[in-house]
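1. quick one: sequence plus predicted model below, questions after.
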Amino acid sequence: MYHGYGGKDQMCCAVKALASSLCLGEADFMAMMTVYFDDSGTHDQSDIAVAACLVSDVRHWELYESEWNSVLDEAGIRESGFHMAKFVARRPPFDGWTEDKRDKVIKALIGIIERHVFAGMATAVVKKVYDTYVTGRLRSRLGNYHYTFAVQSCLAFVEEWRRFSVVLEPMQYVFDLRGSGKHEIIDLFDDIAKREMAVAFGIEPNGYAFNNKRLVVQLQAADILAWEAYKYARENQSTGLPARKSFQFMVDNIEIMTRFFDASGLPGFVDDVTSRYEAHGWDGPFGGFMLG
């Protein structure tokens, strides 16, 4: 199975191999959907973990890539790529930038996302609450890593979006190579791929990959959404403070589906999914969102 450890060429080969295996022509290949995932707050010092993804077709992702690289070239950061956390913290290569340059670059990048992305999904989970309520057998089904759980929630949104948008073709899923819980993500996708429900998610047996975010620039867009969702969950979710302008623009101009699991919502979800696993004899799919 291909799990991808290289850059653009390997990613294109992975997508084209999937298209070939499904007997897709060039027009069908260009219409194929690809989902790019990234995380935020998964480091030990954070109290909230976020998974976020963006969906579009190959044609739009290619246009996106050309425009994105042009912005990176003009800003002088093509080699490093764009990393939202470093940008906000003004760490290299973003140190010394003027406010005008910072404003110009982030607006340009978010504009590219708005023009070429069909939908976005983001889920935040409070780690301490998850650790309190998701234990024992349930932990083994929902994921030891908070990120795995958040990915499952985003996949549920993807399935909902596919159903509403009448998207029937398979999709390629791409994750950051350095994301947390890689083995659990692999287990999750392998488990779904062998079940009848795989068609609802567009998941094929070799339909996912892990790639370098510096080289696969589509992952840099998912990085922006993940960071913005993390920032909102931490500072705006319970305070009523207005969202950052960049996040508000994305929400206003892109179909973004969000979910936030804290002490007010997670216990009820745990009760519901526990009862459903018990009804399945704890032999249901890996991922509580995938239970019928």
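-> Yep, it's here.
2. for the stretch 51-200 of the chain, which segments count as helices?
-> 58-75, 84-89, 99-116, 127-133, 136-142, 146-165, 182-193, 198-201 (DSSP state H, counting those that start in this stretch).
3. and those helices: which comes nearest Val217?
-> Closest approach to Val217 among the helices of the stretch 51-200 of the chain (CB to CB): helix 58-75, 4.9 Å. (C-beta placed from N, C-alpha, C; glycine too.)
4. centre of the chain versus the closest one, how much separation?
-> 19 Å (CA atoms, centre = their mean, to the nearest Å).
5. which elements pack onto it?
-> helix 26-31, helix 99-116, helix 218-235 (3 or more CB pairs under 8 Å, 6 or more residues apart in numbering; DSSP states H and E).
6. buried deepest among those, which one?
-> Stretch with highest mean neighbour count among the helices and strands packed on helix 58-75: helix 218-235 (a mean of 25; mean count of other CB atoms under 10 Å).
7. circling back: in TSV: the helices of the stretch 51-200 of the chain, plus distance to Phe249.
-> Below are those laid out as TSV (distance: least, CB to CB, whole Å):
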stretch	distance to Phe249
helix 58-75	16
helix 84-89	14
helix 99-116	6
helix 127-133	28
helix 136-142	33
helix 146-165	20
helix 182-193	29
helix 198-201	29
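8. most packed of those helices?
-> helix 146-165 comes out most buried of those by mean count of other CB under 10 Å, with a mean of 22.
9. can you give me how far it is from the chain middle?
-> 9 Å.
10. cool, and stretch 203-215?
-> That offset, for stretch 203-215, works out to 12 Å (CA atoms, centre = their mean).
11. could you do stretch 267-287 as well?
-> Worked out by CA atoms, centre = their mean, stretch 267-287 lies 24 Å from the chain centre.
12. go on, stretch 66-84?
-> 20 Å.
13. endpoint to endpoint, it covers what distance?
-> From its first residue to its last, stretch 66-84 covers 19 Å (CA to CA, to the nearest Å).
14. contact partners of it?
-> Stretch 66-84 is contacted by residues 93-94, 101, 105, 108-109, 112, 115-116, 213-215, 217, 220-221, 223-224, 226-228 when judged by CB atoms under 8 Å, 6 or more residues apart in numbering.
15. the helices and strands packed on helix 58-75: which one's closest to Ala89?
-> Per CB to CB, nearest to Ala89 of the helices and strands packed on helix 58-75: helix 218-235, 10.7 Å.
16. after that closest one, next one along is what?
-> Using DSSP states H and E, the next helix or strand after helix 218-235 towards the C-terminus is helix 245-253.
17. and that next one, what's buried?
-> Neighbour-count burial for helix 245-253, with 16 or more other CB atoms under 10 Å as criterion, is recorded at 246-247, 249-251.
18. in a markdown table: those residues, plus pLDDT.
-> Output for the buried residues of helix 245-253, formatted as a markdown table (pLDDT from 0 to 100):
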| residue | pLDDT |
| --- | --- |
| Ser246 | 88 |
| Phe247 | 90 |
| Phe249 | 89 |
| Met250 | 91 |
| Val251 | 89 |
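19. before we move on, back to that, where among the helices and strands packed on helix 58-75 is the average confidence lowest?
-> For those, mean pLDDT drops lowest on helix 26-31, to a mean of 54.
20. which strands and helices sit next to the helix or strand following it?
-> Helices and strands here follow DSSP H and E; after helix 26-31, the next one along the chain is strand 33-40. Other helices and strands packing on strand 33-40, by 3+ CB pairs under 8 Å, 6+ apart, are strand 48-57, helix 146-165, strand 171-176, helix 218-235.
21. okay, now the sheet partners of strand 33-40, with direction.
-> Sheet pairing for strand 33-40, assigned by DSSP bridges, gives strand 48-57 (antiparallel), strand 171-176 (parallel).
22. just to revisit the earlier point, can you lay out the helices and strands packed on strand 33-40 as a markdown table showing distance to Glu65?
-> Below are the helices and strands packed on strand 33-40 laid out as a markdown table (distance: least, CB to CB, whole Å):
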| stretch | distance to Glu65 |
| --- | --- |
| strand 48-57 | 11 |
| helix 146-165 | 21 |
| strand 171-176 | 13 |
| helix 218-235 | 7 |
